[in-house]
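**Q** A predicted structure for the sequence below; I have some questions about it.
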Amino acid sequence: MKIDRRNFLTLGGSLVAGGVVGTTLSPLPWKLMDDAAIWTQNWSWTPVPTDGKVSYENTVCTLCPGRCGISVRKVASRAIKIEGRKDFPVNKGGICILGLSGLQLLYGPTRVKTPLMKTGNGTFKTISWDEAIESVSAKLNELRSSGKSDSVAFLSDSDQGVTAGLIKRFLKAYGSPNFISEATFKDAYKLALKKMQGIDAEANFDIDNADYVLSFGSGIIEGWESPVRMIKANSALKTRKAKLCQIEPRLSMTAAKADKWLPVVPGTEKELALALIHVILKKSLYNKDFVARNTVGLDKLTQLTDSFSPEKVSGITGIKPEDIMALAADFARASHPIAICGKGQGNTPESMTQIMAVHTLNTLVGNINKKGGVFTVSLPDYVTWDQPEMDETGTTGNSKDRIDGAGKGQYKDTMSLAHRLAGIVNAQGKNPVEALFVSGSNPLYTFTDSIAVKKAFEKIPFIVSFSSFMDETAKMASIILPNHTNLERFEDVIVSTEAGKSAIGLAKPVVDPRFDTKPTGDALILIAKALEGSVAEAFSWESFEACLEETLGDKWEELKENGFLENADSAIASNNKIDFSALTDNGLAAIEGDTANFPLTLIPYDSLRLAHMNIGSPPFLIKTVEDTVLKGNDILVEINPKTAGKLNLSEGKYAKLKTPKGTVNVKVHLFEGIMPGVIAMARGLGHTAYDDYLAGKGVNFNELIGPVEDPASGLDISWGIRANLTKA
Amino acid sequence: MFPFSFEWVWDMGHYVFLGGMWYAIGIISLGLTYCIGKTILDMVSGKGGGHGDHH
Amino acid sequence: MDSALIPKGVKRCSFPQFSIGILIVGAVLLWGVYAMLLCWFKGLNQTGMNDSYGFALWIWADLAVIALGGGAFFTGLLRYIIGKDELKNIINFAVVIGFICYSSALLILGIDVGQPIRSWFIFWHVNVHSMLAEVAFCLSIYFSVLAIEFVPLILEQKQIDEIPFFHNLAHNMHEIMAVFAATGAFLSCFHQGSLGGVAGVLFGRPFAFREHLLVWPWTFFLFTWSAAAYGPCFTILLTKIMEGITGKKLVKDNVIDLLAKISGWMIASYMVAKLVDTWYWATVTAPSKGLTFMDFYSDGSGLYTIWIIIAELFIGGIVPAIILTNKSWRANKALLLIAIILAAVGVCLNRWVMVLQVMAHPVLPFEGWFAYMPSWQEVATTILPVAYGIILASLAYRYLPVFPQERELNPVED
Amino acid sequence: MKENHSNDKANKFGMVIDLDKCTGCGACMVACMSENNVPFKKDESKKLDSITWMHLYRLTNKKPFPDTEVCYLPRPCMHCEGAHGHPPCVSVCPATATDYDKKTGIVSQIYTRCFGCRYCMGACPYHARYFNWWDPVWPEGMENYLSPNVSPRMRGVVEKCSLCFHRYQLAMDKAYHEGRKELEEHEYQSSCTQACPAGAITFGDLNNPHHQVHKMVKPSKHGGKPTATNAFRLLERLGTNPKIYYLSSKEWVRRLGDNYLPEEKTGEIGNHQPKGHH
Amino acid sequence: MSASDDNVKDVPSDNHEEGHGNGSIGFVILFFVVGLIGSLLTGWVLFPKLLYSQKEQPIDFNHQIHMDAVSDGCESCHFFREDGSFSGVPTIAQCIECHEEAQTEDPNEIKLVQEYIANGEEVPWLVYARQPDCVFFSHAAHKEMDCTTCHGDIGHSENLKTYEENRLTGYSRDIWGHNIGGFKKNTWDRMKMDDCAECHERETGSKGPCFQCHK
């Protein structure tokens, strides 16, 4: 047969035909079709979590001051889920959104993995712990030997617990009075108790058992105090059909869930409180028995509040006189009424007048140290080390004045005035801070007027950060000595629970440290040991864990085993009488800005879905943020439609927001639940550090406001600022 | 689709739906087979090849 | 250059002219192919769809081309089963259009699904209760019927026809074409209906939901009826366009008139059914779900307001029905053209609301109307079938004896 | 389908969500995301392509200041029963990638079977179903927290709340191991229920009169309509027959739970037989 | 196909008996058969060889020896945890219990001790029965069954067979079964969903809902 073109085609065709028939009858096409589909079900770029033995480890969440007990579910050595611990006295099984996201912090990309040192060109280089400790101690030795030990300051988020104790001890032995901790409304309340009753006590609010809650802007369900405990307390209110009255200019979630929402002109809450006192006194609604036995200065109180008639205060606060009278009556007639303050999450102090007025309200109804009232409690204090031996430098250094001016003169009872740091450093003349240590705090983000803070930090020659994460402050540091995250370290905490009870909790490592990090306590001990003279001697502990064990003594084993140790009722039954005459009116704590250029009032609002303190929001939190708060990278500012109409602003449109501190671009969100003339912005956005899931989104509220000092306490009580919003 | 595939259940829905489907497939395949088969037979028996009109 | 391939006795434009035209359309096609590849390799994030708009432009395009392609099955039904013999002069073109429409529909479905490699699960793991399964089965089988109907036309190509085997095969296929046409009509009735059923069974979507007859919601029958009614209009429209482009008369008026008349009466009867359906839905079905008729036409953006139903039912339905059923009006070339254009738009609008308005209307009382804007990738992949259709139709016209009356109507002088 | 699971008793797992207690804190959303390996992207502010099996709606009474009221409403998958186990989404799935389990009352979603036609999303009036428009990507290191109990999804498929079905599987494992066939109420709880700090979510078997959920809403025998005051379900009139119940003391909130004609009174409507077909 | 049809056109002119002569029909058949057999061989023989990669286990484990040494059968090493989950392949911690030091001269044991136990590393066993990530299999629910029903008599094997991995899917070959056509003789020859369903349907009257086995 000749192979011509036609034959070739014919035979080739036959071959192909046979091939097609054979292939169809073989598994090849069918198996490949199946396998191709299975391939799409097992794409190599989709992770497959490994399986293993499941275990649960209990610890305490220290991401916020709430201190919930948590139970971490592990598969083999991986932590895969955080759940609330059912038997923990604070949260009893519940957990908040930030606590739930803890693993994103542990395993996230913003961890500082090793000690880092800032190089000449502003980048960080990896160094060993030995090198890091060596560098820090060399600097400290140098300052100390040149007699400038008091130019060292230590900024800490907390002044409780062993780590804070070690910091304080370190400064003491080293010779610096400058232990600076951040103040919250609870510190201000503490100060008020000192001034009114002369006691050193914390206030513990037993919302859990109250039957009438009068809240001056406290975001009970938005993270105030201990978030989970308060949310649970709120649910208990609902179950018991107890009443909640919320006084604030914006319909917060607490206001929305309240039985009554009274919108008040922002900043006039204390006038309202004084008016309520006025009515209670005038109508003799107070608990005469209690007041007679436990207080002094009722006449002065009557005198002070005399001018705060409902009619007059109505004009200031925008609340009708009859509402004020009804409110006073409802409050005073309830069997377990409680008045509380501390706006939003209560992370900012309030004015002494406001707090004392609130405490006076509680006193007048006799609900002090009683179920459903305010407990004045002494928290357990187990940090009872011997005073360190001081050498001369130490003694001299400690005798110097604090740089922030706290603890003397009119502010003798105030512990620290952290907000003054920027002002002091930025002031003309010599910068008094040669070295700043920052632990558990992110002042570059959380301090008001954060632009000024940044300027100040640029002037401080030596900054050491102990942050676990590359936050704004860590980015500015000369050296970072990264702490373990909360799930990798021991940490003792003190928690208050319902009805004035308190407990000690112990956070403990639930996973092995992922990176070359050390607990701040360990780093401090190492630095101390590397210093000369009495400083090293004051730190004889081998490690932070050893220090904890020794400090907690017989409590250690039980804490390690159980995670917490409940104290009995720790309310202070003091014989000191409550002195009403301490309550004075300091007048309006003015906010910055004139009304001509800044016709609006800008206030922040807090939400559990955005962390706004030292920890940046992990991706899960940002994911839950509503698109009326953040859209793309733009933050939305809430404004009443009426006000917006006057300003010619409409929903979702860009606008320029100007305050005396700065100008930013925002978008507009019309919200009926905000008082006309007031605008509100979420706190917790506008980070410049952390990962792509957080950085660059929105605006940091703190950039737009500056500190406002309360004349009585010196604390920064700024709650807002005057502002202008114009069409962009 | 087939009685041996996982989701197959012996119920009315399957009889009707897949019955209709197999019926259609059956007709089409038979039709095609008929056309091709007849053409081959025509060719082999030499009937084809003419340019007859087929409209 | 390609004269050996061109059918005998007809005149075609020069090959370079033809090539330039094809290249221009081909560029559009490539743009669409590029967008298609983006969707396949990067995923459906390339589209403007979202979780509230799971069905969007593509599915509308899919439903629209299938409705418009309905001319193939219905003309086939009329020609082979009912015995309207004149229609043999347009059936070829109807089949070509049907083939283009259905292959496009399948291609769109291939792009639209999130996991195309697994799309055979719809067959293997079929859920017989799903309207979409019914669509997929009938669609793909009917597509094979269209291919079978297309094959004889290809075999009649001058060069291929030279080969006796193919000549005979074409002949034999013609012989039993009625069998295929009947099967096609059977399948079409079901898949056109199932496409209507896709929307009508959504009892969670009061805008789409319709009462049922046995297992089929009313939209099932309405869709089949409307495809049969409007499909021939599209066939006529494309014939007119083809005549416009080539500058030749390709089909005799009596053929067009017959098809237009049938289509007109079909549309008229469909409109009666559709109006009854709408009335029942607006006054009985919707209120039983707590919704008033106007709730469905209150889109703040202005897109889904009352105009859309007027456009669909009156401008795209009643008007063409009146024109086409009136002998003298449909004899008027301009009126006929207006009628078939309005009809094509009308059926597309119907498919649009049955896909997109369904998604846009908020069912939860606290949600607002949902908006959606297609991405360029979606637009490109939607235009892709159009470009592909133009190319295939051009090739078919140039090389295949698509229009039997062309020689007679346009005698070539040698 | 033969449904006689020998002598097994049929459960009907569902939830009761007390909207008076819900604070909108978002813990349920994150509890769900972290339990179920839900991915996240750099920009999640486009809420219509953001996967949140548990979604929090913000409801308002639309009244002007100062009469404005706001209420959050958590919305998981409703696990509709429809009529006789035909939820809106299940019968439409062409490839049987989702089914209604009559033993537990849970509507499944099988990611590896789903080929992404999204018909079920169109069918669901609650927007409870989400599409994976993107490949899930976790930043380096974060894949460490992924749970092996729920398989991460690939791009191109639909996902939704499973009522933490894997927790049922694990609880049943334990029960089997201990020679039991039934679960105690506390043994199977969804992740959101467990996390909710307000205790606003109650989870359990609606068929079991001893379970809290049953006591709270007292579902009727026919169609499960709640007989307790203040209880309602979303879009009951559509006949979806959901297993998620809500409680609210506020009339305006309850009225937003369904569509009502202007003259209709809240709560009085809805005794329609559940719709569904085939 | 069209090309082979071409041939038909020649028939009228040649008009010979089928077979030789100029032999076109014969050749056509011959080529068809060659194509058929070639593709059948490709599909049935060559294809599986290409589809699967061969991997050796890190250690050639002898089940038989261990079976003789333990008292509790398979469950001595493959046990249930307290929460009802199944431990699966033993971890190195379990191996250490007996093999802290090598007990024999067996090179496999020495490898275990020196390379893994000494370094505290897990042995990267290749698991024949590993189901894909989407599958939840409850051993607890099946504990009345004999291990061999699904796993075959691996408990008495002396060597570990070569692990074959599907290059496309990453599955172990044991899931699809050794037979490329998917045919099976024994219950343990295949572990696809249909095999689960077969037994479920027989034992419970239903293949079960999707979530019963998927996650």
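**A** Cool, the structure landed.
**Q** get me the contact residues on chain D for chain E.
**A** Residues of chain D lying close to chain E by CB under 8 Å from any CB of the partner chain are D:1-6, D:96-104, D:106, D:108, D:110-113, D:149-152, D:162, D:165-166, D:169-170, D:172-178. C-beta here means a position set from N, CA and C on the backbone, and glycine is covered the same way.
**Q** which of those count as buried?
**A** Among the residues of chain D next to chain E, the ones that count as buried by 16 or more other CB atoms under 10 Å in any protein chain shown are D:5, D:96-104, D:106, D:108, D:110-113, D:149-152, D:162, D:165-166, D:169-170, D:172-177.
**Q** which of these fall in strands?
**A** Among those, DSSP state E puts D:100, D:101, D:106 in strands.
**Q** okay, these in JSON lines with pLDDT next?
**A** Shown next, in JSON lines, are those (pLDDT from 0 to 100):
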{"residue": "D:100", "pLDDT": "95"}
{"residue": "D:101", "pLDDT": "95"}
{"residue": "D:106", "pLDDT": "96"}
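**Q** now, which of those sits nearest chain C?
**A** residue D:100 (11.6 Å; CB to the nearest CB).
**Q** any idea how far residue C:29 is from residue C:392?
**A** The gap separating residue C:392 from residue C:29 is 10 Å, by CB to CB, to the nearest Å.
**Q** more neighbours: which of these two?
**A** Taking neighbours as other CB atoms under 10 Å in any protein chain shown, residue C:392 and residue C:29 compare with residue C:29 leading, 22 against 18.
**Q** and the more buried one, that's in a strand?
**A** No - assignment of residue C:29 by DSSP: H, G, I helix; E, B strand; the rest coil gives helix, placing it outside any strand.
**Q** not counting sequence-adjacent ones, nearest residue to it?
**A** Nearest non-adjacent residue to residue C:29, counting by CB to CB, 6 or more residues apart in numbering or on different chains: residue C:387, 4.0 Å away.
**Q** ok, now how distant is that neighbour from residue D:110?
**A** Remark: distance between residue C:387 and residue D:110 (CB to CB) = 37 Å.
**Q** where does chain B have low pLDDT?
**A** B:46-55 (pLDDT under 70).
**Q** okay, now residue A:490: neighbour count?
**A** Per other CB under 10 Å, the neighbour tally for residue A:490 reads 22.
**Q** cool, residue C:219 as well?
**A** 30.
**Q** same for the helix or strand it falls within, what does it pack against?
**A** According to DSSP states H and E, residue C:219 maps onto helix C:218-246. Counting contacts by 3 or more CB pairs under 8 Å, 6 or more residues apart in numbering or on different chains; DSSP states H and E, helix C:218-246 packs against helix C:57-68, helix C:70-76, helix C:88-112, helix C:177-200, strand C:212-213, helix C:253-280, helix C:333-352, helix C:376-399.
**Q** need those in CSV with mean pLDDT, can you?
**A** CSV is the format used below for these (pLDDT from 0 to 100):
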stretch, mean pLDDT
helix C:57-68, 94
helix C:70-76, 90
helix C:88-112, 93
helix C:177-200, 91
strand C:212-213, 88
helix C:253-280, 95
helix C:333-352, 95
helix C:376-399, 95
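**Q** pick the most buried one from those.
**A** Highest mean neighbour count of those: helix C:70-76, a mean of 30 (counted as mean count of other CB atoms under 10 Å in any protein chain shown).
**Q** name the helices or strands packed onto that helix?
**A** Against helix C:70-76 (3+ CB pairs under 8 Å, 6+ apart) you get helix C:88-112, helix C:131-155, helix C:177-200, helix C:218-246.
**Q** now do 6 Å
**A** helix C:88-112, helix C:177-200, helix C:218-246 (3 or more CB pairs under 6 Å, 6 or more residues apart in numbering or on different chains; DSSP states H and E).
**Q** just to revisit the earlier point, in helices only, show me the residues of chain D next to chain E.
**A** Judged by DSSP state H, the residues of chain D next to chain E include D:165, D:166, D:169, D:170, D:172, D:173, D:174, D:175, D:176, D:177 as members of helices.
**Q** returning to what we had before: also near chain A: which of the ones in strands among the buried ones among the residues of chain D next to chain E, exactly?
**A** Among these, none lies close to chain A by the criterion of CB under 6 Å from any CB of the partner chain.
**Q** nearest to residue A:543, of those?
**A** residue D:106 (50.4 Å; CB to CB).
**Q** quick check: the residue of the stretch 51-200 of chain D nearest chain C.
**A** residue D:116 (2.1 Å).
**Q** of the buried ones among the residues of chain D next to chain E, list those near chain B.
**A** Checking those against chain B (CB under 6 Å from any CB), the matches are residue D:96.
**Q** leaving out sequence neighbours, find the closest residue to residue C:139.
**A** Residue C:139's closest residue in space is residue C:191 (CB to CB, 6+ apart), at 5.0 Å.
**Q** quick one: that neighbour from residue C:350, how far?
**A** Residue C:191 sits 16 Å away from residue C:350, taking CB to CB as the criterion.
**Q** near chain D, which residues of chain E show up?
**A** Residues of chain E lying near chain D (CB under 6 Å from any CB): E:80, E:83-85, E:133-134, E:136, E:138, E:140-141, E:204-206, E:209-211, E:214-215.
**Q** so who does the closest residue to chain D within chain C touch?
**A** Residue nearest to chain D within chain C: residue C:114 (2.1 Å; CB to the nearest CB). Counting by CB atoms under 6 Å, 6 or more residues apart in numbering or on different chains, residue C:114 touches C:44, D:116, D:156, D:157.
**Q** you'd agree it is in a strand?
**A** No - applying three-state DSSP, one finds residue C:114 to be coil, outside a strand.
**Q** now do it, the pLDDT please.
**A** On the pLDDT scale, residue C:114 is placed at 95.
**Q** again with the one 3 residues further on
**A** Here the pLDDT value assigned to residue C:117 is 96.
**Q** residues contacting it?
**A** Taking CB under 6 Å, 6+ apart, we find residue C:117 in contact with A:36, A:37, A:40.
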